[in-house]
Structures are given as structure tokens and as C-alpha cells.
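Novice: Would you be able to build a 3D model of this:
(one chain, ligands or ions: 1)
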Amino acid sequence: MSDVLVVSEHRRGELRDASYEAITAGRELADARGGDLHVAVIGGDVDRFAEDLNREGVDAIHVVDDGEEFDHNVHQAAIAALLDRTDAGTVVAPNSVNGLDYAPAVAEDRSLPLVTDAIGFEYDGGLTVTREMYGSKVETTVDVDGDRHVLTVRGGEWAPAEGVGDAAIESVDVDLLESGARVTGFEEVGGGDVDIADADVLVSVGRGIEEEENLELVEELADALGATLSASRPIVDNGWLPKNRQVGQSGKVVTPDVYLAVGISGAVQHVAGMKGSDTIIAINTDPNAPIFDIADYGIVGDLFEVVPELVDEFA
Ligand code: FAD
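Specialist: Now for the predicted structure:
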């Protein structure tokens with residue numbers, strides 16, 4: 001039971017970074033327990049992902065080629081089958097919409113303790129998981145009973161696994177659960193196919209932009225930088241950008257190479273979604289804005305002056 005099973009994640013035909021981060025978290029736990037690391041890839045047409053998941057430290061890859069897009073029943077049945085046929089005691093899944101769909105079901109099905117949104121853990125004969133509470137204001141540790149668990153891990157907290165492993169790759173057939181539900185298709189929420197979590201460079205706009213008409217300014221900057229536009233929550237709440245552009249605790253967790261925060265104060269709920277960015281740049285008129293506490297580079301200035309200059313520079 002010392003092995004760990006990581007469940008990888010893919011969307012619209014592409015593996016997501018969360019998979020490689022979960023592999024790192026899984027390897028860390030497997031090392032601490034002296035076990036092997038198994039990785040599952042589940043869904044329609046997923047054979048092609050196996051090689052890419054074969055990162056350093058992965059001992060076995062299990063391919064369950066079944067279903068279409070993400071399907072709760074296929075995931076639950078596949079994970080149950082893999083727990084039966086491997087020595088995996090702990091399941092590690094991304095703390096994503098999908099992960100939060102099947103992880104509780106797996107935990108309930110197997111009567112295992114579930115800890116969601118882990119940002120760290122230690123294993124010393126027993127598992128202690130670190131989580132945040134109250135909008136990331138408080139950090140807590142949770143001692144988890146037993147040596148079998150289900151964990152979901154927050155994006156951006158573990159580095160993506162790299163290198164090439166020599167994992168054995170096997171195909172697994174599973175018996176699907178009886179269910180009255182089936183997945184009939186995939187429909188993107190408003191905002192098109194943009195997934196800010198996949199962007200390398202994000203220009204993120206906040207309430208400092210004042211009016212919807214002014215968004216054009218940051219759109220120009222995003223174009224000039226080849227970046228994707230994201231936002232703080234007030235911009236989304238105002239209906240100026242769709243929900244899938246929101247960064248933060250109730251939006252998306254992003255880990256771009258560069259995060260340029262324009263007129264964003266840096267509230268804890270926002271920072272929870274972007275603090276894992278490689279390089280953070282902030283433009284803000286207020287030198288005491290909390291965003292400067294985590295920024296690598298800061299410009300204390302009026303965005304209506306600074307942004308046009310940057311557009312001129314980079315366009
Ligand atoms: P403000 O805090 O109003 O900051 C605007 C900033 O712009 C200020 O720092 C100001 O100095 C600067 N500014 C003003 N004019 C200019 C100018 N001309 N040039 C340059 N700078 C200027 N927020 C999120 O973003 N994402 C979330 O997922 C999220 N989830 C939440 C969940 C809960 C349960 C709660 C309670 C809140 C959540 N929030 C979230 C809201 C969060 O608390 C903040 O209210 C929000 O992040 C503030 O957005 P902002 O920085 O754009 O606006």
C-alpha cells in the first residue's frame with residue numbers, strides 16, 4: 001500500500017500542466033513512503049498521452065481508453081480498478097473541476113479520507129497535509145488517519161515533472177459503473193477556447209482600469225506582448241470579461257512565465273491564483289499596494305500613462 005497513483009488530466013485533446021505537477025507531488029509522497037509511482041490516464045483517445053506522461057520518477061502508466069471527454073463514471077470506475085490491481089494506497093489528483101468531481105466519489109467508494117486543495121505535505125509514518133483557509137489568510141495542517149488516502153493538489157504548488165522515465169505502459173479495460181448519466185458532448189463557457197491556465201504570458205487587468213471602454217488599452221498591450229488577457233474578480237463581476245478569465249481563489253490558478261498585473265491591488269484571494277507565476281510585474285499608482293509585496297518588478301505609476309508607453313515599446 002506504499003505506492004501512489006496519480007490521475008493525470010487532459011482537456012480538449014491536450015494534457016494539462018496539472019498532470020506534471022501532480023506527478024511531482026506523487027513522486028514526493030511515493031519517495032517518503034518507499035513506494036512506486038503509478039500514473040493513470042483516463043478518457044477517450046488517450047493512448048497518445050502515455051509517452052508524454054513518462055517523466056522521470058514514474059514507474060508505471062495505466063491507460064484506460066474509454067469514454068469521450070471527461071466522464072465521472074469512467075474516472076471513478078477506472079481508479080477503482082487501478083486501486084484493485086496495483087499496490088497504490090494513495091490517490092493524488094489535480095485540485096481541478098474534474099479532480100473535485102471524482103476524488104470525493106473515490107474516497108467515499110473506498111472509505112478513504114479525502115483532503116482537497118493540498119499545498120504541501122509531509123510523510124513520517126503518517127501523512128500531514130498543509131492547506132490554506134479563509135481566502136489564503138491562514139495556513140493549517142491536517143493529520144490524516146491511516147496509510148491510504150485521496151488527495152487533491154493545488155496547481156502551481158509543485159514544479160512540473162521533467163525528464164524521461166522508463167515506466168511500463170499498460171492498457172487497462174474497466175467495467176463501467178451502472179449509471180443513468182452519460183456525457184454527450186463538451187461545451188466551452190463564454191469566452192471561447194481561451195484557457196488562461198495554459199498561457200505563458202498573462203496581462204491581467206483590475207479595477208484600476210475604471211471603465212469597460214478602457215479595456216481596449218490592456219488588450220492592445222496583450223496583443224503587443226503576444227499575451228493572453230486575464231482579470232481580477234471585479235472585472236468579471238462587472239461583466240466586462242467572461243468568468244473563464246478570472247484569476248484567483250474563486251477563479252483559476254495560473255502559473256505563467258510572466259504575470260503582468262495592471263491596476264490590481266493584490267488582495268489575498270487574487271494572489272492565491274497567481275503567486276506561482278515565474279515573474280510577476282505590477283503597475284499600480286499606490287506604492288503600498290500589496291501586489292508589490294510579491295512582485296519581482298514594479299512600476300509605481302498611472303496605468304493610463306504606462307500602458308501606452310509599453311504598447312509603443314513592444315508593438
Ligand atoms: P481593487 O482592490 O479595487 O484594486 C484596484 C487597484 O488599482 C488599486 O491598488 C489601485 O491603487 C490601482 N489603481 C487605481 N487606479 C490606477 C491607475 N490609474 N493606474 C494604476 N493603478 C491604479 N478577487 C480576485 O481577483 N479573484 C478571485 O478569485 C476572488 N475570489 C474571491 C473570493 C471571495 C470569497 C471573496 C470574499 C473575494 C474574492 N475576490 C477575488 C475579491 C478580492 O477580495 C478583491 O476584492 C479583488 O481581488 C480586488 O480586485 P482589484 O485588485 O482589481 O481591485
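Novice: Low-confidence regions, this structure specifically.
Specialist: For the chain, the stretches with pLDDT under 70 are 135, 188-193.
Novice: how about the residues of it near the ligand?
Specialist: Neighbours of the ligand within the chain, by Cβ under 6 Å from any ligand atom: 135, 206-208, 232-234, 246-251, 263-265, 267, 269-270, 273, 283-286, 289, 302-304. C-beta here means a position set from N, CA and C on the backbone, and glycine is covered the same way.
Novice: What's the ChimeraX syntax to select whichever of the residues you listed are buried?
Specialist: In ChimeraX, this line selects whichever of these come out buried by 16 or more other Cβ atoms under 10 Å:
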select :206,208,232,233,234,246,247,248,249,251,263,264,265,267,269,270,273,283,284,289,303
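Novice: Helices - which of the residues of the chain next to the ligand land there?
Specialist: The helices, defined by DSSP state H, take in Arg233, Pro234, Gln269, His270, Leu303, Phe304 from the residues of the chain next to the ligand.
Novice: Let me know the distance separating the third one from Gly251.
Specialist: Think Gln269. 9 Å (Cβ to Cβ, to the nearest Å).
Novice: Give the residues shared as contacts by these two.
Specialist: With contacts taken as Cβ atoms under 8 Å, 6 or more residues apart in numbering, the residues that reach both Gln269 and Gly251 are Arg233.
Novice: closest to Thr116 among the ones in helices among the residues of the chain next to the ligand?
Specialist: Distance to Thr116 across those (Cβ to Cβ) is lowest for Gln269, with 17.3 Å.
Novice: ok, the closest one touching Val247?
Specialist: No. Applying Cβ atoms under 8 Å as the test, Gln269 and Val247 come out as separate, 9.7 Å apart.
Novice: what does stretch 198-212 rub up against?
Specialist: 14, 16-17, 196, 215, 217-218, 221-222, 225-232, 234-235, 238, 240-241, 247, 254, 256-265, 270, 274, 277, 284-285, 303.
Novice: Let's see which of those end up in strands.
Specialist: The strands in this structure, assigned by DSSP state E, contain Glu14, Thr228, Leu229, Ser230, Ala231, Val258, Tyr259, Leu260, Ala261, Val262, Asn284 from the contacts of stretch 198-212.
Novice: Quick check: bridge partners of the first one?
Specialist: By that I understand Glu14. The bridge-partner assignment for Glu14, based on DSSP bridges, gives Arg11.
Novice: Could you count how many residues lie near it?
Specialist: As a burial measure, Glu14 scores 12 neighbours (other Cβ atoms under 10 Å).
Novice: re the thing from before, what two of the ones in helices among the residues of the chain next to the ligand are the furthest from one another?
Specialist: Across these, no pair lies farther apart than Gln269 and Phe304, at 25.6 Å, counting by Cβ to Cβ.
Novice: returning to what we had before: need the buried ones from the contacts of stretch 198-212 selected in ChimeraX.
Specialist: The buried residues among the contacts of stretch 198-212 can be selected in ChimeraX (16+ other Cβ under 10 Å) with this line:
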select :16,17,196,215,217,218,221,222,225,227,228,229,230,231,232,234,235,240,241,247,254,256,258,259,260,261,262,263,264,265,270,274,277,284,303
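Novice: the helices in the stretch 1-150 of the chain, which residues?
Specialist: Taking DSSP state H, counting those that start in this stretch as the criterion, the stretch 1-150 of the chain carries its helices at 17-33, 50-53, 72-85, 99-110.
Novice: so which of the ones you listed is the most packed in?
Specialist: helix 17-33 (a mean of 23; mean count of other Cβ atoms under 10 Å).
Novice: Give me the helices and strands touching that one, please.
Specialist: Where contact means 3 or more Cβ pairs under 8 Å, 6 or more residues apart in numbering; DSSP states H and E, helix 17-33 is packed against strand 3-7, strand 37-43, strand 88-94, strand 120-123, strand 149-153.
Novice: Give me the distance from it to the chain's centre.
Specialist: Between the mean C-alpha location of helix 17-33 and the chain-wide mean there is a distance of 14 Å, by Cα atoms, centre = their mean, to the nearest Å.
Novice: Ok, stretch 230-249 next?
Specialist: 17 Å.
Novice: Do me a favour and get the end-to-end distance for that stretch?
Specialist: 14 Å (Cα to Cα, to the nearest Å).
Novice: contact partners of that stretch?
Specialist: 135-136, 188-191, 194-196, 199, 202-207, 209, 212, 215, 229, 250-254, 264, 267-274.
Novice: ditto for stretch 304-314
Specialist: For stretch 304-314, the surrounding residues in contact (Cβ under 8 Å, 6+ apart) are Asn214, Leu217, Val218, Glu220, Leu221, Ala224, Leu225, Val262, Ile283, Ile299.
Novice: check contacts around the first one.
Specialist: Asn214 makes contact with Phe304 under the criterion Cβ under 8 Å, 6+ apart.
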